[in-house]
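# Generate coordinates for the sequence data below:
(chains A and B)
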Amino acid sequence: MATITFTIDGKPVSGQPGQSILKAAQAAGIYIPRLCAFKDLIPHGSCRICSVRVNGRIQAACVQTISDGMVVENDTPEILEFRKAILDMLFVEGNHYCMFCEKSGLCELQALAYRFGITAPQFPLLNPNRPIDLSHPDVYLDHNRCILCGRCVRVSQELDNKNVFQFVGRGYQKRLQVNGEALAATGLRVADRVTASCPVGALMKKRVGYAVPVGERPFDHQPISAEWHAKQEA
Amino acid sequence: MNAKHKPRIATASLAGCFGCHMSILDLDERILKLAELVEFDCSPINDRKKLTGHCEIGLIEGGCCNEENVQVLEEFRKHCDVLIALGDCALNGGIPAMRNHVPVRECLEEAYLKAPGVWNPGGILPNDPEIPLLLNRVYPCQEVVKIDYFIPGCPPPADAIWDALVALLNGQPVKLAYERLKYD
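Numbering: from 1, shown residues only, chains lettered A, B, ... in the order given. As a prediction, this is how the structure comes out:
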C-alpha cells in the first residue's frame, strides 16, 4: 500500500491511506488528546478535544483522514487554549465532584485537565439537576458526570450488539437515555464491554470503587499521554 | 516586600469544612519557617477575627453560601494584593454547591420541617437577623470577586500551598507542578 507523508507541528509523519490523523499520530507516538475516541469503534467526532488545525482549518483529528503534504498543527498555544475551553465547558455543564468520585485518578476528563494545568473553571457553573440510576444490581449510571461523548452508545451498539444507550434531545437538552424504564430493565450485563468504556465516572461497576489507592492511580504522577493510550489499546 | 517589612498573610474559611486550613497546618515544621517570614493578619490559625488592614496575600477557603461570606470575601479583595482561592469549594463550590439545583426554600423546608427526626412544632424557618441570609445558590469565589490564583484539591496538598507561598514571597507567579495539581 502507498504511504502517505504529512507533517504534525513541522515533524514528518507517515501513515496509510484512509487512516485518521489521530491514528497516524498515535502510531508515530505523537499525543493528540481525545475523549470520545475508543479502540475498535467507528470515530464519532463529538467531543472535539482532538481538534487540530489542518491546512489552516480546525478539524477533529479522529475523523479527518490524512493526505499527502497535509500540514497539521497540534501542540500550539492556540490549539491548547481551544482544547482548554472545551474541557472547561464539559466541567461546568455537569456536576463533577472529583473529591468523592470513584473515578478520580482514573478519569480521562480529569487527566486532561491535569495535563493542561487547569486550576479552576473560567465559565460560570451550571449545576444542573440530573438523576442517578442505581437500579441495576452491578452497574450504575450517574448522569451528573456524563459528558455525552457517546462511547457507551457506540460500544453497546457496535461491540456488544445491544443498543442499551441512546441520546435524546438536541443541543443543551441532549441527554443519555437507556433502553427501558431504568438500567435494570435493559439487557445490560456487567461483563458487557460497555461497562468498562466510560472515560468519566458516569457508567460505573458497583462495589469496585477506590480499589487503587491514592498515589498509585494512573494519573497521580504521570500525565495522560500517547503511551497511556497505546497501553489501553494493546 | 523589603527586608524591614514582613509580608502579611490573612486566611479565611467561608463555606468550607476547614479541611484546607488543616492542610495549612499540614505544612508541619515549615509553618515555623512561615511564621518567621510573614506576619499573620486575621486567620483561624491565630483566631483573629477581623482584617486589620493591607495584606500581601489572602487565602480563601470555601465558596460563598451566605451574605456574610460575600462580605468577608469582598473585604479580603479590598485589602489583599494577591488573593488565592484555596481548595475545590472556593473555586467550584464543592460539596456545599450540591444544593445549587434545589431552590433555597426547599432546602430550608427539608432541613427544618420535613427531615426525619425534626422537632419544630412552630414550623419556623431560621429568620434571626443574627444569622447570615443564605444566598440562592453557592457561588465559587471567582464568580464574586477577581481571584488571582487557584489551588485546587480537597484539600489541596500542603506542598502545593507551600510552593505557592514560596513563589509569591520570592516575587514569582504561582505555577503548580503536575503532582501538586489535584482535584481530590
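
# ok, now which ones touch the residue nearest the centre of chain A?
Taking Cα atoms, centre = their mean as the criterion, A:Leu35 is the residue nearest the geometric centre of chain A, at 1.6 Å. With contact set as Cβ atoms under 8 Å, 6 or more residues apart in numbering or on different chains, A:Leu35 has these partners: A:47, A:49, A:90, A:108-109, A:112, A:147, A:149, A:199. Glycine gets a C-beta too; all of them are placed from N, C-alpha and C.

# can you do 7 Å?
Under the criterion of Cβ atoms under 7 Å, 6 or more residues apart in numbering or on different chains, the contact partners of A:Leu35 comprise A:47, A:49, A:108-109, A:147, A:149, A:199.

# Quick check: the most centrally placed residue in chain B vs B:Ala158, distance?
In chain B, the residue lying closest to the centroid (Cα atoms, centre = their mean) is B:Glu61, at 1.7 Å. Separation of B:Glu61 from B:Ala158 (Cβ to Cβ, to the nearest Å): 14 Å.

# swap in B:Lys114?
Computed with Cβ to Cβ, the distance linking B:Lys114 and B:Ala158 is 41 Å.

# Check B:Glu36 too.
Summarising the geometry, the distance separating B:Glu36 from B:Ala158, computed by Cβ to Cβ, is 17 Å.

# Looking at these two, which one has more neighbours?
B:Ala158 (19 against 7; other Cβ atoms under 10 Å in any protein chain shown).

# so what's that one closest to, chain neighbours aside?
Spatial nearest neighbour of B:Ala158, excluding adjacent residues (Cβ to Cβ, 6 or more residues apart in numbering or on different chains): B:Asp26 at 3.8 Å.

# In the helix or strand B:His21 falls within, which residues are buried?
Element membership of B:His21, judged by DSSP states H and E, is helix B:19-25. Buried residues in helix B:19-25, defined by neighbour count with 16 or more other Cβ atoms under 10 Å in any protein chain shown: B:19-21, B:23-24.

# So which residues on chain B come close to chain A?
B:85, B:88, B:91-94, B:97, B:100-101, B:137, B:140, B:142-143, B:150, B:152, B:154, B:176, B:178-179, B:181, B:183-184 (Cβ under 7 Å from any Cβ of the partner chain).

# So which of those residues sit within strands?
Taking DSSP state E, the ones among these that sit in strands are B:85, B:137, B:150.

# And the average pLDDT for stretch B:43-54 is what?
Taken as a whole, stretch B:43-54 has a mean pLDDT of 94.

# Let me see the residues that make contact with it.
Stretch B:43-54 is touched from outside by B:8, B:10-11, B:13, B:18, B:21, B:24, B:40-42, B:75-76, B:79, with contacts defined as Cβ under 7 Å, 6+ apart.

# Do me a favour and get the end-to-end distance for it?
Using Cα to Cα, to the nearest Å, the gap from the first to the last residue of stretch B:43-54 comes to 14 Å.

# Tell me, how many residues neighbour the nearest residue to A:His96 once chain neighbours are set aside?
If you skip the residues right next to it in sequence, A:His96 has A:Arg145 as its closest partner in space, 6.2 Å away by Cβ to Cβ, 6+ apart. Under the neighbour criterion other Cβ under 10 Å, A:Arg145 is assigned a count of 24.

# hang on, A:Arg145 packs against A:Leu203?
No. Taking Cβ atoms under 7 Å as the contact criterion, A:Arg145 and A:Leu203 are not neighbours in contact, 9.0 Å apart.

# what residues does the helix or strand harbouring A:Ala111 touch?
Under DSSP H and E, the secondary-structure element containing A:Ala111 is helix A:108-115. Here helix A:108-115 makes contact (Cβ under 7 Å, 6+ apart) with A:33, A:35, A:49, A:87, A:90, A:98, A:104, A:147, A:199-200, A:219, A:223-224, B:178, B:181, B:183.

# Repeat that for stretch A:84-102.
A:48-49, A:104, A:109-110, A:112-113, A:116, A:118, A:121-128, A:130, A:144-147, A:201, A:204, A:209-210, B:88, B:94, B:154, B:183-184.

# filter the contacts of A:Leu35 to the buried ones?
For the contacts of A:Leu35, buried by 16+ other Cβ under 10 Å: A:47, A:49, A:108-109, A:147, A:149, A:199.

# Okay, A:Asp75 and A:Ile66: tell me how far apart.
Distance of A:Asp75 to A:Ile66, given as Cβ to Cβ: 17 Å.

# out of these two, which sits in the more crowded spot?
Taking A:Asp75 and A:Ile66 together and counting by other Cβ under 10 Å, A:Ile66 has the greater number of neighbours (25 against 13).

# Look up how far A:Phe123 lies from that one.
A:Ile66 sits at a distance of 34 Å from A:Phe123 (criterion: Cβ to Cβ).

# Need the contact partners of stretch B:90-97.
Contacts to stretch B:90-97, defined as Cβ under 7 Å, 6+ apart, come from residues A:99, A:120-121, A:125, A:127, B:15, B:60-63, B:65, B:85, B:88-89, B:100, B:138-142, B:150, B:152, B:154.

# Chain A: helices as residue ranges?
For chain A, applying DSSP state H gives helices covering A:21-27, A:77-93, A:108-115, A:151-154, A:226-233.

# will you turn those into JSON lines that also has mean pLDDT?
Output for these, formatted as JSON lines (pLDDT from 0 to 100):
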{"stretch": "helix A:21-27", "mean pLDDT": "98"}
{"stretch": "helix A:77-93", "mean pLDDT": "97"}
{"stretch": "helix A:108-115", "mean pLDDT": "98"}
{"stretch": "helix A:151-154", "mean pLDDT": "98"}
{"stretch": "helix A:226-233", "mean pLDDT": "95"}
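
# ranking those helices by burial, who's on top?
Most buried of the helices of chain A, by mean neighbour count (mean count of other Cβ atoms under 10 Å in any protein chain shown): helix A:151-154, with a mean of 24.

# Centre of the chain to that one, how far?
The chain centroid and the centroid of helix A:151-154 are separated by 11 Å, computed with Cα atoms, centre = their mean, to the nearest Å.

# Which strands and helices lie in contact with it?
Judged by 3 or more Cβ pairs under 7 Å, 6 or more residues apart in numbering or on different chains; DSSP states H and E, the packing partners of helix A:151-154 are strand A:165-168.

# Convert the strand it packs on to PDB, retaining C-alpha atoms only.
Taking Å, rounded to 0.1, in the frame of the first residue of the first chain, the C-alpha atoms of strand A:165-168 are listed here in PDB:
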ATOM      1  CA  PHE A 165     -27.900   3.500  25.400                       C
ATOM      2  CA  GLN A 166     -29.100   6.300  23.100                       C
ATOM      3  CA  PHE A 167     -29.100  10.100  23.000                       C
ATOM      4  CA  VAL A 168     -32.400  12.000  23.200                       C
END
